[in-house]
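**Student:** could you work out the structure for the sequence below:
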Amino acid sequence: MDKENLSRRGFLTRSMTAFTVGAGLPLWYAQELLAHSLTQPGNGPPLNIGCIGTGTNRFRRTGNQPLRGERGVAIMQDAMRQPEVRVVAVCDVDRHNADFAANLVRTATTGGSRDCAIFHDFRELLARRDIDAVTIGTPDHWHALIAIAAMRAGKHVYCEKPLTLTLEEGKQLVRVARQTNRILQTGSQQRSEARFRLACELVRNGRIGRVQRITTMIGANPVGGPFRVEPAVEGLNWDFWLGPTPLVNFVKERSHYEFRWWYDYSGGKMTDWGAHHNDIAQWGLGMDNSGPIAVHAGRCTAPSTDVNSYNCHPQFEAIYTYGNGPNGGAGTRLICRSGPAEGWDMRFNNNLVDNGIHFEGEDGKWIFVNRSFIRASAQNLLDDPLPQNATRLEVSTNHMGNFIECVRANRQPICNVNVGYRSVSVCHMGNIAIRLGRGQDRPLRWSPTEEHFVGDEDANRMLTRPYRAPWRLEA
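**Tutor:** Just a heads-up that it's a prediction; the model follows:
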């Protein structure tokens, strides 16, 4: 038997070959990823992790397996899969979800702890001195408060996207991360997925010429309600769940997974999928430290005004304009919309594609990428290797692993606090334009350097929100 086939190199080579065929990636690019994988550092010092916000949706869960798409428990399990990492504590304001997560940890074959502690107040978990880092998988309105408290307590942070509920929270997170010298990784894991990096590298190196337009398709917001008001379910601390947001009666559809469709706690698909795809648009444009200079709302449908109904705009469109940048000249547009544009007919496995990022350049050239495939207007745009002197982007093939590695090396991860802030800022700007009804005749002007809207106090008032006592944004 060939000894090479038993080696790490042989295993990775076979794995990468299978990955290349399955993902439709060009061979030259897969070989680069293989070379990177072979030079990855080994295990580092052990790390203890605490997981804040672990819940899967108790109203839909059956059995002892977490639901697909429930990020709190998913990132906890991602952490447990990393070498020399041990989850020692979990925290959730829903006792059932905390117990569920602790059971997963205590029975895990790797990365678990039989004495995993359970907390229902994140401040008690943060007081433990043996915890090196935390994951945050709470609803969006808790992200900034907990991340700031964690960094102040000396913990490194892996925080789910969208990083914040408001733009002001993002500015404060960036400030605290710098003050405390803590590592923060935003959970925009598409930056650690091969197709997206390939698309952005090609775009950054002018493969389609100057970028003229990017379209991100992210799906429509659900419509529902009015929902039934009822007593808070047993085991859930509803007042704590609401935290800094207004005190309202409990309806089941406000909590757990469905919080996403209420502007009180999130930003709908704009900050759910938009935080992924608009992040890739920013990466492709080389705008990680900047952003658009204007935004206006396109065609939108009005949400319900009933207090107990989902209130995010069901169908929506936000159109952004960028200034001069590395890959887009003045006037480059980003169109973030809930569905495909008229005349769009890209298909995959005979199904109309309605989710992904479409980069359009000069002479009809384009590159499209999503989590299933990457395509281009001509196959050679993908197949021709980049030259030796090409601009290359950071490589990460394991988003949680990148976080752990950066904590150990004290360096910034691929989706650091500034990247997460700038990407979600694009989403928040779009929602503000949509909610204010600012169309093409009255666009919002944005200053990426001053980080506020120019000459528009109504829009600037929406950069932050009042917090319900006793919670305060203290940076």
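**Student:** how about residue 170, nearest residue that isn't a chain neighbour?
**Tutor:** Nearest residue to residue 170, sequence neighbours excluded (C-beta to C-beta, 6 or more residues apart in numbering): residue 421, at 3.6 Å. C-beta here means a position set from N, CA and C on the backbone, and glycine is covered the same way.
**Student:** now the one helix or strand the one you found maps to: mean pLDDT?
**Tutor:** Using DSSP states H and E, the element containing residue 421 is helix 417-436. For helix 417-436, mean pLDDT is 98.
**Student:** next structured bit after it?
**Tutor:** Next in sequence after helix 417-436, counting helices and strands by DSSP H and E, comes strand 444-447.
**Student:** any residues touching that following strand, and which ones?
**Tutor:** With C-beta atoms under 8 Å, 6 or more residues apart in numbering as the test, strand 444-447 has contacts from 291-296, 429, 432-433, 436, 438, 452-456, 459.
**Student:** so for that strand, what's the average pLDDT?
**Tutor:** 97.
**Student:** picking up where we left off before, quick one: contacts for the residue nearest to residue 170?
**Tutor:** For residue 421, the contact set (C-beta under 8 Å, 6+ apart) comprises 163, 164, 170, 171, 173, 174.
**Student:** span of stretch 125-138 from start to end?
**Tutor:** One end of stretch 125-138 to the other measures 14 Å (C-alpha to C-alpha, to the nearest Å).
**Student:** may I see the domains of this protein written out as residue ranges?
**Tutor:** Following automatic domain parsing, one finds the domains of the chain at 47-190, 193-394+417-461.
**Student:** returning to that earlier point: tell me how far the residue nearest to residue 170 lies from residue 282.
**Tutor:** 11 Å (C-beta to C-beta, to the nearest Å).
**Student:** what of residue 419?
**Tutor:** Here the criterion is C-beta to C-beta. By it, residue 419 lies 8 Å from residue 282.
**Student:** need the overlap of contacts for the two.
**Tutor:** residue 288.
**Student:** those strands in the stretch 51-200 of the chain, which residues are they?
**Tutor:** Secondary structure of the stretch 51-200 of the chain by DSSP state E, counting those that start in this stretch: the strands cover 85-91, 117-119, 133-136, 156-159, 184-186.
**Student:** save the ones you listed as a markdown table, and put in mean pLDDT too.
**Tutor:** Formatted as a markdown table, the strands of the stretch 51-200 of the chain follow (pLDDT from 0 to 100):
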| stretch | mean pLDDT |
| --- | --- |
| strand 85-91 | 98 |
| strand 117-119 | 98 |
| strand 133-136 | 98 |
| strand 156-159 | 98 |
| strand 184-186 | 98 |
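**Student:** burial measure for residue 247, as a count.
**Tutor:** Residues lying near residue 247 (other C-beta atoms under 10 Å) number 8.
**Student:** could you look up the SS state of it?
**Tutor:** When classified by DSSP: H, G, I helix; E, B strand; the rest coil, residue 247 comes out as coil.
**Student:** follow-up on the earlier one: next, format the strands of the stretch 51-200 of the chain as TSV and append distance to residue 26 and mean neighbour count.
**Tutor:** Formatted as TSV, the strands of the stretch 51-200 of the chain follow (distance: least, C-beta to C-beta, whole Å; neighbours: other C-beta atoms under 10 Å):
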stretch	distance to residue 26	mean neighbour count
strand 85-91	33	25
strand 117-119	48	18
strand 133-136	34	28
strand 156-159	31	28
strand 184-186	28	31
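**Student:** format those strands as TSV; extra columns: distance to residue 224.
**Tutor:** Shown next, in TSV, are the strands of the stretch 51-200 of the chain (distance: least, C-beta to C-beta, whole Å):
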stretch	distance to residue 224
strand 85-91	29
strand 117-119	32
strand 133-136	27
strand 156-159	28
strand 184-186	29
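**Student:** quick one: closest of these to residue 337.
**Tutor:** Across the strands of the stretch 51-200 of the chain, residue 337 has its closest neighbour in strand 184-186 (23.2 Å, C-beta to C-beta).
**Student:** helices and strands around that closest one, which ones?
**Tutor:** Applying 3 or more C-beta pairs under 8 Å, 6 or more residues apart in numbering; DSSP states H and E, we find strand 184-186 packed against strand 156-159, helix 399-409, helix 417-436.
**Student:** and these as JSON lines, adding distance to residue 85?
**Tutor:** What follows is the helices and strands packed on strand 184-186, written out as JSON lines (distance: least, C-beta to C-beta, whole Å):
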{"stretch": "strand 156-159", "distance to residue 85": "11"}
{"stretch": "helix 399-409", "distance to residue 85": "6"}
{"stretch": "helix 417-436", "distance to residue 85": "21"}
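**Student:** quick check: which of these is nearest to residue 262?
**Tutor:** Nearest to residue 262, of all these, is helix 417-436, at 12.4 Å by C-beta to C-beta.
**Student:** does residue 32 count as helix, strand or coil?
**Tutor:** The three-state label given to residue 32 by three-state DSSP is helix.
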